[in-house]
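Enquirer: Got a predicted model here, sequence first, then my questions.
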Amino acid sequence: MNAKLFAYAPAPESRAVVDIAPSYGLFVDGEFREAAAGKVFKTLSPASEEVLSEVAYGEQEDIDAAVRAARAAFGPWSALPGAERAKYLFRIARIIQERSRELAVLETLDNGKPIRETRDADLPLVAAHFFYYAGWADKLSYAGCGPDPRPLGVAAQVIPWNFPLLMLAWKVAPALATGNTVVLKPAETTPLSALFFADICRQAGLPKGVVNIVPGDGATGAALVGHPDVNKVAFTGSTAVGKQIARTVAGTRKRLTLELGGKGANIVFEDAPLDQAVEGIVGGIFFNQGQVCCAGSRLLVQESVQEEVLDALKRRLSTLRVGDPLDKNTDVGAINSAEQLARITELAEAGEAEGAQRWSPPCELPGEGYWFAPTVFTGVSQAHRIAREEIFGPVLSVLTFRTPDEAVAKANNTPYGLSAGIWTEKGSRILKLANQLRAGVVWANTFNKFDPTSPFGGYKESGYGREGGRHGLEAYLEHA
Ligand code: NAD
Ligand code: MN
C-alpha cells in the first residue's frame, strides 16, 4: 500500500449475517436430498482457503431425478396464467432484496469478490432481474414471438463461478417468466448461493419441481446438457466447453444459447475526458478481479495521449486496495480458485517472455488464499498471447492506435466479440464506431454497465443468443 495514503482502519462486514450449514444436499422436487451415490465435495473461501461447507455431488441418477421433477412440474406451471407466475417471481425478487445482505456476504465468502461489489452490484442486479422478468410474465404476447408464444419445456442451465447468483438470475428469471421449468448446475467452486436460492424458492412457495439445483462439476454439467428429456440448454462459461456443448446438442431438437469468453477492447481517443476514461479502464478490467467475460482486457489508447493516460492509470492503480473481500474498503479481492490463479500466472509469464513490459502497483498480498496483483502490460503487440487469449484475471494489455480505422481493425482482430468501449467527446464517432465494432455490447464513455432491460450476448466465439431484455424471452419461447 502506498505510504502517502491514509491508512484505513479495517471495516469488515459481519460474517454473522449468514448461517452456512456444514453440508448441503441437492435441491430436487422441492426438497434437499443427498446425492444418489452419496458423493460430496467441498467448497472453500478463496480468500483464506477455509472450507465453508460440503455439498452433494450430482451424477447421472441425480440429473435424471431432477429432469423428471422438472418435467412433471412443467404442465401445471406452464398452464398458470402469466399473472400468477409473475406473483411468484415478484415474491422471489422481494425475498432476495430482504435477504440481500446475507446473500452478499455468502457470495463474497464463496467467490472471493469484494463485499462492495456483491452488495452494490451483484445483489441489486439479481433482484432487478427477477423484478424485470416478473413484469413480462403476463405480457408475453407482446414479446415479438407471435400472439400466443409457448414455453419450450425443461431448461438445462449451466453457469460459471464469476457471478454465481447473477448468472443464476439471468438464466432462471426469463425461464420461469415464460413458463419453463429448470434444472440448474452451479459451478463447482461457488455452489452455495444457488443452494440459498433453492431455499428462497421454498420460502416463496414456488411449486415443487419448477426449480431444481444439482451441484457438481463438468461431468454433472455434461450429464445435464446431454439428457434426452431437456428442451433447452443455456450455458455461460468457457469457449472450449461451449463448443463441446454445441456438438452434444447438434442433431437434437434442443434449443441452445451460449455465452462464452471475450477479449473486449476499451478504446480511448485523444479527445476523451481522460480522468473519466481512466476510471472506466480501471472498472473495465479490475472489477471482479478481471474475471468478467466482457472485461475491457485490451486497452487501445490513441498514441498522442498514451503517456498521459498511462501515468494517470498507474497513479490510480496505486490507490486500489487489494485484500480481505469482506472489508468494505477493499477494491480487489481474491482470485476464485487455485486453477484460475495458475492460468492467470501462466499467461502473465507468457506476456513477459514474449517481450511486453509488466507493471504492478506496490501492494502486499495476503499469505493465505489465491491472489494476483493488478497488472498492466505495455508494449503489447497484436501477436502476443496476452493480446489474443482471454486471461480472465486482473491483467490489462495496452496497445496503441493512430486513426479510428486502425482502432476498429485492432479491436475486431480477435476470435471473440462480446464487448467494447469507446471513449470520445464526439457523438458521431461513437455512432460510427459502434456500427463497425463486431461486439454484442458497445459502451460509450462508460464500461461494465448492466441492466436487465438491455440484451447481452456475443458474436463469433463469444457465443450466440441474447440474455436480458425482451430478447432474453425469445430464447425460452417457441416462435410462432
Ligand atoms: P468452464 O467453462 O469449464 O466452466 C463453466 C461451467 O461449465 C461450470 O459450471 C462447469 O462445471 C461446467 N462444465 C465444465 N465442463 C462441462 C461440460 N463438458 N459440459 C457441461 N458443463 C461443463 O469454465 P472454467 O474452467 O471455470 O474457466 C475456464 C475459463 O473459462 C476461464 O479462464 C475463462 O476464460 C472462461 N470463463 C468464462 C466465463 C464467462 O462468463 N464467459 C465464465 C467462467 C469462465
Ligand atoms: Mn468457493
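Expert: Sure, I can see it. Numbers count the residues shown, from 1 in each chain. Ligands and ions are numbered 1, 2, ... in the order given.
Enquirer: Tell me the residues on the stretch 201-350 of the chain that lie near ligand 1, please.
Expert: The stretch 201-350 of the chain has residues 217-218, 221-222, 225, 236-238, 241, 244-245, 259-261, 293, 343 near ligand 1, with proximity defined as Cβ under 6 Å from any ligand atom. For every residue, glycine as well, the C-beta is placed using N, CA and C.
Enquirer: go with 8 Å
Expert: Within the stretch 201-350 of the chain, the residues that sit near ligand 1 (Cβ under 8 Å from any ligand atom) are 216-222, 224-225, 235-242, 244-245, 248, 259-262, 291-293, 336-337, 339-340, 343.
Enquirer: Quick one, which of those residues are buried?
Expert: Among those, those buried by neighbour count (16 or more other Cβ atoms under 10 Å) are 216, 220-222, 224-225, 235-237, 239, 241-242, 244-245, 259-262, 291-293, 336-337, 340, 343.
Enquirer: Name the next helix or strand downstream of the longest helix seen in the chain, please.
Expert: For the chain, the longest helix by residue count, based on DSSP state H, is helix 60-79. Next in sequence after helix 60-79, counting helices and strands by DSSP states H and E, comes helix 82-98.
Enquirer: helices or strands next to that following helix in the packing?
Expert: Other elements packing on helix 82-98 under the criterion 3 or more Cβ pairs under 8 Å, 6 or more residues apart in numbering; DSSP states H and E are helix 123-136, helix 164-177, helix 192-203.
Enquirer: at 6 Å what do you get?
Expert: helix 123-136 (3 or more Cβ pairs under 6 Å, 6 or more residues apart in numbering; DSSP states H and E).
Enquirer: Where do the helices of the stretch 201-350 of the chain begin and end?
Expert: For the stretch 201-350 of the chain, the helices identified by DSSP state H, counting those that start in this stretch occupy 218-225, 239-249, 274-286, 306-317, 338-353, in order along the chain.
Enquirer: would you list those helices in CSV and tack on mean pLDDT?
Expert: CSV is the format used below for these (pLDDT from 0 to 100):
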stretch, mean pLDDT
helix 218-225, 98
helix 239-249, 98
helix 274-286, 98
helix 306-317, 98
helix 338-353, 98
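Enquirer: for these, which one sits closest to ligand 2?
Expert: The closest of the helices of the stretch 201-350 of the chain to ligand 2 is helix 338-353. By Cβ to the ion, the value is 11.2 Å.
Enquirer: For the closest one, which outside residues touch it?
Expert: With Cβ atoms under 6 Å, 6 or more residues apart in numbering as the test, helix 338-353 has contacts from 335, 358, 370, 372, 377, 385, 386, 391, 393, 395.
Enquirer: same thing but at 10 Å, please
Expert: Residues external to helix 338-353 that are found in contact with it (Cβ atoms under 10 Å, 6 or more residues apart in numbering): 44, 46, 49, 112, 161-162, 189, 289-291, 334-335, 337, 356-358, 360, 369-373, 375, 377, 379-380, 384-387, 389-395, 397.
Enquirer: Narrow these to those in helices?
Expert: Within the contacts of helix 338-353, residues falling in helices by DSSP H are 385, 386, 387.
Enquirer: can you count the residues close to the last one?
Expert: Per other Cβ atoms under 10 Å, the neighbour tally for residue 387 reads 22.
Enquirer: So it sits against residue 378, correct?
Expert: No: using Cβ atoms under 10 Å, residue 387 is not in contact with residue 378; the gap is 11.8 Å.
Enquirer: Find residues that contact each of these two.
Expert: 356, 397, 398, 399.
Enquirer: quick check, nearest of those to ligand 1?
Expert: The shortest separation between ligand 1 and any of the shared contacts of residue 387 and residue 378 is 14.4 Å, and it belongs to residue 397 (by Cβ to the nearest ligand atom).
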